[in-house]
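Asks: generate a structure from the sequence data that follows.
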Amino acid sequence: RRAEPWPEGGVFSISFAGGATISTDRQTLSDGGRALTVADRGFGNVIAGLATSPFATARVGEVIEQFSLEGAAGPTDDYARCEPAAAV
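Replies: From the prediction side, this is the model:
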């Protein structure tokens, strides 16, 4: 989320401190364009970045937002330990 709307379309990328950058064009906007949600496969790199980096930088087009990942390691570790379960 950000105070101003994200640009529509284009490629979303997130870079973590230490060099890993992940990008996709599978993002959607809501809340008047201020909330950006990414849906993709293979989140292992994202989980590792969230757990180990002090900050991340998100980008869509020319819009860049840097944000702290303080406190993300615990919930990220919990998520990574989730076991698959059968769905009904």
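
Asks: tell me the bridge partners for the residue sitting nearest the centre point of the chain.
Replies: Against the mean C-alpha coordinate of the chain, by Cα atoms, centre = their mean, the closest residue is residue 14 at 6.2 Å. Beta-bridge partners recorded for residue 14 (DSSP bridges): residue 22, residue 58.

Asks: now swap in residue 63 and tell me
Replies: Going by DSSP bridges, residue 63 forms beta bridges with residue 60.

Asks: I'd assumed residue 8 was in contact with it.
Replies: No - with contact defined as Cβ atoms under 8 Å, residue 63 does not count as touching residue 8 (10.9 Å). In this view, the C-beta of every residue, glycine as well, is placed from N, C-alpha and C.

Asks: more neighbours, the two?
Replies: For residue 63 versus residue 8, the count of surrounding residues by other Cβ atoms under 10 Å is larger for residue 63: 14 against 11.

Asks: and the gap between the more buried one and residue 49?
Replies: Going from residue 63 to residue 49 by Cβ to Cβ, to the nearest Å gives 20 Å.

Asks: surely the residue nearest to the centre of the chain meets residue 49?
Replies: Yes - if you go by Cβ under 8 Å, residue 14 and residue 49 touch, sitting 7.4 Å apart.

Asks: residues that sit against both of the two, list them.
Replies: 22, 56 (Cβ atoms under 8 Å, 6 or more residues apart in numbering).

Asks: tell me where this protein has helices.
Replies: 44-52, 73-80 (DSSP state H).

Asks: please identify the most buried of the ones you listed.
Replies: helix 44-52 (a mean of 16; mean count of other Cβ atoms under 10 Å).

Asks: read off the pLDDT value for the residue nearest to residue 12 when sequence neighbours are not counted.
Replies: Spatially, and ignoring its direct neighbours in sequence, residue 12 is nearest to residue 27 (4.4 Å; Cβ to Cβ, 6 or more residues apart in numbering). Residue 27 is assigned a pLDDT of 92 by the prediction.
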